[in-house]
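K.L.:
Quick one: sequence and predicted model below, then my questions.
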Amino acid sequence: MALSPRGSFITLEGSEGSGKTTAARHLGDWIRSRGEKVTVTREPGGTPLGDEVRRLVLHLRDLSDDLDPRADALLYAASRAQHTARVIQPALERGEHVVCARYLDSSLAYQGVGYGNDLEEMRRLQQFATYGLLPDLTILIDVPVEVGLGRKRPGAWNRFEDTQGVAFFEKVRAAYLDLAAEEPERFRVIDGSGTVGETDALIKR
Ligand code: TYD
């Protein structure tokens, strides 16, 4: 993997159980082992506000399936704006690399295609929330839906994952693959159905 001297912004995307969080941590360790500075972070989260949004959206989903799709999109967008402005952009300006598990493509795949918000409106919302900051590289860890869902420990499931059927996650997976096909210069799609070590090796390539 080629890293930019100004600080590369790398995002990891994928549906449930694709292993983004572990892969982000390992990629961060690897970059650090090369003597470079890196911030490893995730969405929703990465700031005190983002952590509250994370708690809120996951909790709201546990309480009810009635969360309005636009309200949902705006909550993730609020977390993303705070994260971009206060964490990601400042780190890049200090010359650090940033590795982030989930970013704007999550909202295009879930809030757009998954929940049926208009995709063009979602793109405009992401442009606003991110101040137009796009990742230099987005690694899509693609796994078959049954494999991803099968990896989740039963205790780690929230009710959202229980109530969203396989069809929802199939839609999200297909949406990600479409996004990757639209922007082949930004995306790299890797097969995440192997072991953690195999996924790490594919990412570093
Ligand atoms: P995450 O912790 O990455 O979940 P997992 O490890 O199970 O993939 O993300 C939490 C949930 O938030 C996940 O169900 C996807 C959802 N999400 C969105 O719907 N839109 C977004 O923009 C983001 C960042 C996450």
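P.N.:
Cool, got the structure. Numbers count the residues shown, from 1 in each chain.

K.L.:
three-state assignment of Gly45?
P.N.:
coil (DSSP: H, G, I helix; E, B strand; the rest coil).

K.L.:
wait, Gly28 sits on Val40?
P.N.:
Yes: here Gly28 reaches Val40: they are 3.6 Å apart, a contact under CB atoms under 8 Å. Using the backbone N, CA and C atoms, a C-beta is placed for each residue, glycine as well.

K.L.:
shared neighbours, those two?
P.N.:
Val99 (CB atoms under 8 Å, 6 or more residues apart in numbering).

K.L.:
Quick one: the helices in this structure, in order.
P.N.:
Taking DSSP state H as the test, the helices found in the chain are 20-33, 48-63, 69-83, 89-93, 104-106, 119-129, 145-151, 159-163, 166-182, 196-204.

K.L.:
who does the fifth one touch, helix- and strand-wise?
P.N.:
If contacts are counted by 3 or more CB pairs under 8 Å, 6 or more residues apart in numbering; DSSP states H and E, helix 104-106 sits against strand 9-13.

K.L.:
Flag every residue of the chain that's near the ligand.
P.N.:
Glu16, Lys20, Thr21, Glu43, Pro44, Tyr76, Ala101, Arg102, Ser106, Ser107, Tyr110, Gln111 (CB under 6 Å from any ligand atom).

K.L.:
List the residues that contact the second one.
P.N.:
Contact criterion CB under 8 Å, 6+ apart gives Leu12, Glu13, Gly14, Arg42, Ala101, Arg102, Ile141 as the residues in contact with Lys20.

K.L.:
so the fifth one touches Glu43, yeah?
P.N.:
Read that as Ala101. Yes: with contact defined as CB under 8 Å, Ala101 reaches Glu43; the gap is 7.2 Å.

K.L.:
Return the distance of the residue with the largest distance to the centre of the chain relative to Gly19.
P.N.:
Here the chain reaches farthest from its C-alpha mean at Gly35, the gap being 25.5 Å by CA atoms, centre = their mean. Separation of Gly35 from Gly19 (CB to CB, to the nearest Å): 26 Å.

K.L.:
end-to-end on stretch 92-109?
P.N.:
Stretch 92-109 has its terminal residues 26 Å apart, counting by CA to CA, to the nearest Å.

K.L.:
what's the nearest residue to Lys12 if we skip its chain neighbours?
P.N.:
Careful, residue 12 is Leu and not Lys. Lys20 (4.3 Å; CB to CB, 6 or more residues apart in numbering).

K.L.:
can you tell me how far the one you found sits from Pro69?
P.N.:
From Lys20 to Pro69 the distance is 23 Å (CB to CB).
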